[in-house]
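Engineer: Let me see the structure of the following:
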Amino acid sequence: MTGFFARLGLATRVFLADVGHATALFVRLVMLAPFCLRRFALVRDHMHFLGNYSLALISVSGLFVGFVLALQGYNTLQRFGSASALGLLVALSLVRELGPVISALLFTGRAGTSLTAEIGLMKAGEQLSAMEMMAIDPVKRILAPRFWAGVLVMPILGAIFSAVGIIGGWLVGVVMIGVDAGSFWGQMREGVDVWADVGNGVIKTVVFGFTVSFIALRQGFEAQATPDGVARATTRTVVMASLTVLALDFVLTALMFKL
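Structural biologist: Presented below is the predicted three-dimensional model:
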């Protein structure tokens, strides 16, 4: 029994220390926002790397999600004689939930793993240690620009995902199935509120940008300086970021819509 409590106490101590280190790193990255604004060229380059290289994946995924939403939504709405509300269904589904969540998950798989592997390999190659020997802060020079680039690019990718998904829904619903185009766009225009629906979706993407970028960078920064350690850190990034995004989506939805 004594050994059990000793192990429990050690595990609790390690967990609290890990939370403390993570919180300190997050606060420091947030406080480095003025430095990133002054050296915005660094952030811009990483925005190009994270956003532009994820654009094809986000666009194609959004298009096919719009296709599926239109097909499934039409089959459901047709039973109740409400096929004209297909545009509203597709738009609300994308801007409220699917756009922010799926784009964040895709961003995790494409850009988050890349960030973790890049930082982990820099640590394994002792590049971060060399920077510290030259009195260069790796958190300020390496992590902060990448962190803020991820935060800024995530809402843009979420908006592109939703926009392309709506176009995909229009192609299937109006062009292929034959839903009236006026009803499709009219119901969407009347039913989607800019602040309550689109604004909440943007808030979600910003929160997800903070979450995914921080988890990816921290896992790479704390990875063991070996190839196996970098591989494990990359796997942890996908698992932790994906589960955190889904959990935060539930919390944010409950707060926004007062469920």
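Engineer: How about the contacts made by residue 185?
Structural biologist: By CB atoms under 8 Å, 6 or more residues apart in numbering, the contact set of residue 185 is residue 87. To be clear about C-beta, it is placed using only N, CA and C from the backbone, and glycine gets the same treatment.
Engineer: Can you tell me which residue is spatially central in this structure?
Structural biologist: A centroid search over the chain (CA atoms, centre = their mean) returns residue 104, at 2.7 Å, as the residue closest to the centre.
Engineer: Now tell me what touches the host helix or strand of it from outside.
Structural biologist: Following DSSP states H and E, the helix or strand that holds residue 104 is helix 99-107. If you take CB under 8 Å, 6+ apart as the criterion, helix 99-107 is touched by 50, 54, 57-58, 61-62, 65, 150, 154, 157-162, 165, 201, 204-205, 208-209, 211-212, 242, 245-246, 249.
Engineer: again with stretch 248-256
Structural biologist: 96, 97, 100, 101, 200, 203, 204, 207, 208, 211, 259.
Engineer: CSV for those, including secondary structure?
Structural biologist: Output for the contacts of stretch 248-256, formatted as CSV (DSSP: H, G, I helix; E, B strand; the rest coil):
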residue, secondary structure
96, helix
97, helix
100, helix
101, helix
200, helix
203, helix
204, helix
207, helix
208, helix
211, helix
259, coil
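Engineer: Give me the phi and psi angles of residue 126.
Structural biologist: phi 60, psi 20 (degrees, to the nearest 10).
Engineer: hmm, back to that, in PyMOL, how would I select the buried members of the contacts of helix 99-107?
Structural biologist: Buried residues within the contacts of helix 99-107, by 16 or more other CB atoms under 10 Å, are selected in PyMOL with:
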select buried, resi 50+54+57+58+61+62+65+150+154+157+158+159+160+161+162+165+201+204+205+208+209+211+212+242+245+249
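Engineer: The nearest residue to residue 167 once chain neighbours are set aside: what's it in contact with?
Structural biologist: Nearest-residue entry for residue 167: residue 66, 6.5 Å, with adjacent residues in sequence omitted and distances by CB to CB, 6 or more residues apart in numbering. Counting by CB under 8 Å, 6+ apart, residue 66 touches 90, 94, 164, 165, 166, 167, 168, 169, 170, 171, 172.
Engineer: between those residues, which is nearest residue 122?
Structural biologist: Nearest to residue 122 among the contacts of residue 66 is residue 164, at 34.0 Å by CB to CB.
Engineer: which residues sit in contact with that closest one?
Structural biologist: Per CB under 8 Å, 6+ apart, neighbours of residue 164: 58, 59, 62, 63, 66.
Engineer: Let me know the helix or strand that it is in.
Structural biologist: Here residue 164 is assigned to helix 144-170, by DSSP H and E.
Engineer: Give the residue spans of the stretch 151-259 of the chain that score low on pLDDT.
Structural biologist: Along the stretch 151-259 of the chain, the model assigns pLDDT under 70 to residues 258-259.
Engineer: Name the residues of the host helix or strand of residue 248 that are buried.
Structural biologist: Remark: residue 248 resides in helix 227-257, with elements defined by DSSP H and E. Buried residues in helix 227-257, defined by neighbour count with 16+ other CB under 10 Å: 230, 233-234, 236-238, 240-242, 244-245, 248-249, 252, 256.
Engineer: likewise stretch 163-178?
Structural biologist: Here stretch 163-178 shows 163, 164, 165, 166, 168, 169, 170, 172, 173, 174 as buried, counting by 16+ other CB under 10 Å.
Engineer: same question, stretch 177-193
Structural biologist: 179, 183, 184, 185, 187, 188, 192.
Engineer: Out of these, which comes closest to residue 129?
Structural biologist: residue 192 (51.4 Å).
Engineer: residues touching that closest one, list them.
Structural biologist: Here residue 192 is in contact with 88, 91, 92, 95, 198 (criterion: CB under 8 Å, 6+ apart).
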